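Chemist: Model the following, please.
(one chain, ligands or ions: 1)
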Amino acid sequence: MIPTLEWKEDHLRMLDQTRLPREVVYVDCRDAQTVAEGIRELWVRGAPAIGIAAAYGVALGAREINERTFESFYKKLEEVSSMLAATRPTAVNLFWAIERMKKTALDCRNRSLKEIKELLLAEAHAILEEDIRRNKSIGQHGAAFIKNGDGILTHCNAGSLATGGYGTALGVIRRAWEEKKKIHVFADETRPVLQGARLTAWELLEDGIPTTLITDNMAGYMMKKGLIQLCVVGADRIAANGDTANKIGTYSVAILAKEHGVPFYVAAPTSTIDFSIPSGEQIPIEERNPKEVTHIFDKAHVAPENVNVANPAFDVTPAKYIKAIITERGAFRPEELKNLRVGRTDESGR
Ligand code: MRU
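Modeler: Next up is the predicted model:
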């Protein structure tokens, strides 16, 4: 798989996913502002990838700060962090990664500012590498739910492109494929931004995994025909009770799955769990530009001028529809999530 985010000598290379699958183009990010633009404009998207990009954004921003004392350096670092945090509201990994970077700076406040800047970059690298390791574990735990011959529905893109590499929901699918299970994936196209059609279908084809692209409104029909044995999706934020925000349309898939007796799984790293909120009610849902709905890629106009448009980018699937949440620490029923809170640490020991 080609990398979504990659550190090259002195800058971050960010794959511009808005141009996939037509062309593979990287943007060189040399400052925090470009990273923020990349997150806002969806050059990089997917909760874990957004978090990793923001971590590099903080490291790049730190590099530009010319102050003499830790206090004034940290004040400027907080400004950079706030700018990055204001890009997208739903994926909690963004805030998780930024907080971790700020803590890194605070923890080494007695070092020289030069050293602190180097440590911040090292922390961003660590976040990226940990994410790949976590996804491989998620894949391992999740593949156990997949049987030979299964049809699997996924929504949006929770693949290598949405993470440091390997993917969460697609990590589960990838691992089952690596275990030589005969599987067939149904990829929802995922209106309006088409992450399923442009990204998931592309990733799965690259790996040679049998895939059928369907429009979002075909999912029920495929389930009724008995072609789908399980659903697996990623997550942008999981509340303490297991309610899960993911790409708009996920909730409809979960309800269809329930009706058809198809198990519905969420695959996500523990960095996507927000224990500070008791339920999905508190998850902020991003409202995006109406043009994503009225136009196809800013070009073909598919709706009358001036029509009222709603464009929530995410919805919340209540925990009762989720069979298990597959994390790097194993698979848990939503009501078991609270056990994960105890002893929760990053690999770095935080
Ligand atoms: O708007 P996007 O493309 O950032 O939304 C992405 C999703 O909803 C993914 O399913 C989620 O972030 C999980 S990615 C591993």
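Chemist: Quick check, the residue in this protein closest to the ligand?
Modeler: The chain approaches the ligand most closely through residue 234 (2.7 Å), counting by C-beta to the nearest ligand atom. For glycine as for every other residue, the C-beta is placed from the backbone atoms N, C-alpha and C.
Chemist: right, and that residue touches residue 268 too?
Modeler: Yes - contact criterion C-beta atoms under 8 Å: residue 234 and residue 268 qualify, at 5.9 Å.
Chemist: and for these two, which residues touch both?
Modeler: Contact with both residue 234 and residue 268 is made by residues 47, 158, 168, according to C-beta atoms under 8 Å, 6 or more residues apart in numbering.
Chemist: what would the residues you listed look like in TSV with distance to the ligand?
Modeler: Listed next are those as TSV, based on distance: C-beta to the nearest ligand atom, whole Å:
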residue	distance to the ligand
47	4
158	4
168	4
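Chemist: and which of these is nearest residue 223?
Modeler: Distances from residue 223 to the shared contacts of residue 234 and residue 268, taken as C-beta to C-beta, are shortest for residue 158 (19.5 Å).
Chemist: Please confirm that that closest one is located within a strand.
Modeler: No - applying DSSP: H, G, I helix; E, B strand; the rest coil, one finds residue 158 to be coil, outside a strand.
Chemist: The residue of the chain closest to the ligand: neighbour count?
Modeler: 32 (other C-beta atoms under 10 Å).
Chemist: Please apply the same query to residue 89.
Modeler: Neighbours of residue 89 (other C-beta under 10 Å): 18.
Chemist: Which pLDDT value belongs to it?
Modeler: At residue 89 the predicted local confidence, pLDDT, stands at 98.
Chemist: For it, which three-state class applies?
Modeler: Under three-state DSSP, residue 89 comes out as coil.
Chemist: In three-state terms, label the residue nearest to it when sequence neighbours are not counted for me.
Modeler: Sequence neighbours aside, residue 284 is the residue nearest to residue 89 in space, at 4.3 Å (criterion: C-beta to C-beta, 6 or more residues apart in numbering). Using three-state DSSP, the structure places residue 284 in coil.
Chemist: Verify the contact between residue 284 and residue 90 for me.
Modeler: Yes - contact between residue 284 and residue 90 holds when scored by C-beta under 8 Å: they sit 6.0 Å apart.
Chemist: Compare these two and say which is more crowded by neighbours.
Modeler: residue 90 (20 against 13).
Chemist: Report the separation between that one and residue 186.
Modeler: 25 Å (C-beta to C-beta, to the nearest Å).
Chemist: And residue 207, by the same measure?
Modeler: 16 Å.
Chemist: Looking at those two, which one has more neighbours?
Modeler: Neighbours were counted for residue 207 and for residue 186 using other C-beta under 10 Å; residue 186 has more, 21 against 15.
Chemist: Now residue 300, what are its backbone angles?
Modeler: With angles defined as degrees, to the nearest 10, residue 300 sits at phi -70, psi 120.
Chemist: what about it, neighbour count?
Modeler: Residue 300 has 8 nearby residues by other C-beta under 10 Å.
Chemist: What parts of the stretch 101-250 of the chain come near the ligand?
Modeler: Selection of the stretch 101-250 of the chain residues close to the ligand by C-beta under 6 Å from any ligand atom yields 156, 158, 162-163, 168, 195, 234-236, 246-247.
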